[in-house]
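Please find the sequence and the predicted model below.
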Amino acid sequence: MSSLRNEGCTLTGALSVTTAVRDAVSIIHGPDGCAHHNFSLLHALQYENDQLVLPSIISSSLRETDIVFGGEEALARVIGRAQERHPGAIFVLTSCVAAAIGDDVSAVCGEVRDIPVMVIPTGGFLGGGFHDGVISALVSLSYLGSTGSPSGMVNLVGEKNLEYEADANFHEVSRLLALLGVHVQLRFVRNCSLADIRKLGSASLNIMRDASLSGVGAVLSDRFGTPSLPAFPVGFEGTLAFLEAAGRKLGIDSAGAIASEEAYQQQVIRRFADLQGMAVRIREPGPAPGPVLAELEKLFCFDLQDNGPAPQIPDPFPVGTAGLSRMLHRWRRLCRA
Amino acid sequence: MRDCENALWPCAMTGAVSCLAGIDGIGTVIHGPSGCYYYPATILHREIHCTSLIEEDIICGTGEQLRDLVTTIRPRYPLLAVVNTCTPAIIGEDFSALIPSDVLMVDSPGFLGTFEDGYRAAVDMLPVKIDPRSTGVNLDGVNLLDPFSPGNVIEAHRILSDAGVAVSATFCSGNLEDLYRASSVRAGTNPDLCSGWGEAAGSLLGLRATQDTLAALDRRFPGVDPGVFEREMETVREAITVACGKYLNRYEPPSVAIFSWSGYAEFAARMLHEYLDAAITVVGSRNRAGTSKFRTAEASSLPVVEDLLARDPPDLVLGSSFEQRLCPAAAFVPFTYPLRGMVRLRARPLIGSQGLLGLMEDVLNACRDHAPGRPGGY
């Protein structure tokens, strides 16, 4: 079965992006059930992440009569209702129901003048899967960005907002960039405002969350001329390579940063010296990039077995040196069990 | 215009699945995309199957995908049920020639109505056979979404067993086989989820209602003994009266906002008013609000709940983690789905003696923890 069949709804993917804009409202042009499913999911994840602000998702409440006669009036009504709240922007996301009945969503949204109304073509599963929704939202929201002189800072693009470790990964990337003397200008899109997004085009470098967002990186490069790195760093060597690549793209000598990080990595590796020779079963294929597993096998001389304990390989794979350290702690628990 | 912001209650499709997936022996298939599957699969904690439709299935027809899944999993279940989702329902494909006639087809797409509408659509499709000779009773209103359902089932069995009454079928949990020998009489737990299978003998929600229900069963069947429960309820009343009196010796009664299914919320309001002289600021109903002597409102969206809580801020909230999040300063008792950010492992009833005792215990403890003079007290 293809992964697209199992990856969930475009709406959820797009909402994971649009609801991270604080001063905007997201409208689902679809039944209330779609809004509840997504709102409930985001509510649950925010509890896990100790975030106190609930997202704002309005539904056009499509019912059977709208299916028969068209849902454009329902959409116009709900946009009017959203306008009463005076948001900075309104994002309209289409459900599979709206796509199936063929509503002209762009025409309805085009009639609104005083507030930016942006149609994010999702179409529920008729628009692909979760990841397509993320990309569609990121590309759409990039139109809210303005060009500007390179600031010397970087944008982080496409952080996985539903990921439990999203902020831990952000702190790790920020720590690495600080070694180069570089700061994050914008998290595109995580807990930011529309004013923040306007700075999108003035970064000196865009760092994509992972390689699957290369298309978004290309769009940003075309529009703003900003170079990009394809992914957050994974693995010890990968983290050093990340520093080297970021330094090169930003015109910064990275030798000092790399030496500092290498020394830190040696400390981390020494902390896990008791893992040397651990009998493990590495399940392949897993979410871990092959070179990272090979690197760990080499560093810790794992005794690879067919039936040994199988350490968990997190998906997505942990970011940077700190991510590897957290993962190795969990592996050590297995070793002690 | 309906309020449509941050909807707090699941759709009709989820309601239908919550009915079918509760019954052992029924394999439940969601005919739709994986996005429609993950939500009920996550909240109902049951094995559910999905045809995982993608766009090309809609273009080419979804029947083949459904037929393949039904063929694969059919040997695993005595009965299969397929719940339709929005887009296949809009397309209106006819599956009758593709899947076996004994597979239940429940047309309950999300846009069709509420969670309760979907639940009833599925209940109506169940292959129930009423056994007119049965002297048992059907247990009604049991649902996977209801945090009280596991406890209600245990409490109902205890009370009915003490009275010498057997449980025939449970709507909707237990075994499929039980549905084939259902009773002609039913006793309710959650008033908002009536199955309609069997004649209503009454409800087990509350002491008086339980007493009346057992009396009705006594009139109907030979050998029913309501005496055990009648003796027990006196003890329960006394215990609650003493505990609430002790509380009131020291504190003012709380003002309370209650959110849940209409019947549950109304029940809690009556009990808190009766035993604790609590002021009920609002009975907020996730479904259609019933009649009440208290101020009632349909509370199925976040802004409405926010407004109800802000208009008359309560000392105590009974509700979901949505209400808990909106009213962090108030004492809180978990009372309806969803209950995030807390660990809940044991079965808690709301019906019968144990249900009422548990409710009052939770309320008194929450109020004491927030009482004046205590950190965070009201």
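Done, it's in.

tell me, how many neighbours does B:Gly290 end up with?
15 (other CB atoms under 10 Å in any protein chain shown). The C-beta positions use only the backbone N, C-alpha and C, and glycine is treated the same way.

which element is it on?
In this assignment (DSSP states H and E), B:Gly290 forms part of neither any helix nor any strand.

Which pLDDT value belongs to it?
Looking at B:Gly290, its pLDDT is 84.

and it, what does it touch?
The contact partners of B:Gly290, taken as CB atoms under 8 Å, 6 or more residues apart in numbering or on different chains, are B:Ser262, B:Gly263, B:Glu266, B:Thr296.

got the contact list for the closest residue to the third one other than its chain neighbours?
Nearest non-adjacent residue to B:Glu266, counting by CB to CB, 6 or more residues apart in numbering or on different chains: B:Ser292, 5.3 Å away. Shown in contact with B:Ser292 (CB under 8 Å, 6+ apart): B:Glu266, B:Ala269, B:Val283.

check which helix or strand covers the first one.
Using DSSP H and E, the element containing B:Glu266 is helix B:262-276.

ok, B:Trp178 - how many residues close by?
Just to correct that, residue B:178 is Asp rather than Trp. 22.

my bad, B:Leu217
Neighbours of B:Leu217 (other CB under 10 Å): 23.

separation between it and B:Ile130?
Distance, B:Leu217 to B:Ile130, by CB to CB, to the nearest Å: 16 Å.

just B:Glu56 next, same as before
With CB to CB as the criterion, B:Glu56 and B:Ile130 are 45 Å apart.

All the strands of the stretch 51-200 of chain A, residue numbers only.
In the stretch 51-200 of chain A, the segments counted as strands under DSSP state E, counting those that start in this stretch are A:57-59, A:89-94, A:117-120, A:154-157, A:184-188.

is chain B contacted by the longest one?
The one in question is strand A:89-94. No - judged by CB under 8 Å from any CB of the partner chain, strand A:89-94 makes no contact with chain B; its nearest approach is 12.2 Å.

swap in the shortest one?
Yes - interface with chain B: strand A:57-59 contributes A:Ile57, A:Ile58, A:Ser59 (CB under 8 Å from any CB).

quick one: contacts of that strand?
Under CB under 8 Å, 6+ apart, the answer for strand A:57-59 is A:15, A:19, A:25-28, A:30-32, A:34-35, A:38-39, A:42, A:78, A:81-82, B:4-7.

show me the contacts for the residue of the stretch 151-300 of chain A found nearest chain B.
Distances between the stretch 151-300 of chain A and chain B by CB to the nearest CB are smallest at A:Leu162, namely 11.7 Å. Contact analysis of A:Leu162 by CB under 8 Å, 6+ apart lists A:Ser16, A:Leu41, A:Leu45.

for chain B, what's the longest helix?
helix B:227-250 (DSSP state H).

That one: which residues count as buried?
B:Phe229, B:Glu232, B:Met233, B:Val236, B:Ile240, B:Ala243, B:Cys244, B:Tyr247 (16 or more other CB atoms under 10 Å in any protein chain shown).

Tell me the one of these nearest chain A?
B:Tyr247 (30.4 Å).

Residue in the stretch 201-337 of chain A with the shortest distance to chain B?
For the stretch 201-337 of chain A, CB to the nearest CB, closest residue to chain B: A:Asp315, 16.2 Å.

helix, strand or coil for that residue?
At A:Asp315 the chain is in coil, as set by DSSP: H, G, I helix; E, B strand; the rest coil.

How much space separates it from A:Met327?
Taken as CB to CB, the span from A:Asp315 to A:Met327 is 11 Å.

follow-up on the earlier one: between the strands of the stretch 51-200 of chain A, which one is closest to A:Met278.
Across these, A:Met278 has its closest neighbour in strand A:154-157 (33.9 Å, CB to CB).

show me what contacts A:Gly308?
Counting by CB under 8 Å, 6+ apart, A:Gly308 touches A:Ala279, A:Val280, A:Arg281.

Now rank the residues you listed by neighbours and give me the top one.
A:Val280 leads the contacts of A:Gly308 on contacts (other CB under 10 Å) with 21 neighbours.

so who does that one touch?
So A:Val280 contacts A:Phe302, A:Asp303, A:Leu304, A:Gln305, A:Gly308, A:Pro309, A:Ala310, A:Pro311, A:Trp331, A:Leu334 (CB under 8 Å, 6+ apart).

Keep only those of these that are in helices.
Residues of the contacts of A:Val280 located in helices (DSSP H): A:Trp331, A:Leu334.

Just the buried residues from the contacts of A:Val280, in PyMOL please.
Buried residues among these (16+ other CB under 10 Å), as a PyMOL selection:
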select buried, chain A and resi 302+311+331
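
What separation do you get for the residue in the stretch 101-250 of chain B positioned nearest to chain A and A:Asn6?
For the stretch 101-250 of chain B and chain A, the shortest gap (CB to the nearest CB) falls at B:Gly110, measuring 3.5 Å. Applying CB to CB, the value for B:Gly110 to A:Asn6 is 20 Å.

Looking at the two, which has the bigger crowd around it?
For B:Gly110 versus A:Asn6, the count of surrounding residues by other CB under 10 Å is larger for B:Gly110: 31 against 16.

I'd say that one and A:Ala35 touch.
No - at 10.2 Å, B:Gly110 does not count as touching A:Ala35 under the criterion of CB atoms under 8 Å.

where along chain B do the helices fall?
Going by DSSP H, chain B shows helices at B:12-20, B:34-44, B:55-60, B:63-73, B:86-91, B:115-125, B:149-162, B:176-179, B:207-220, B:227-250, B:262-276, B:302-311, B:321-326, B:352-370.

Which of the ones you listed has the lowest mean pLDDT?
Minimum mean pLDDT among those: helix B:55-60, a mean of 88.

wait, does it contact chain A?
Yes - interface with chain A: helix B:55-60 contributes B:Glu55, B:Ile58 (CB under 8 Å from any CB).
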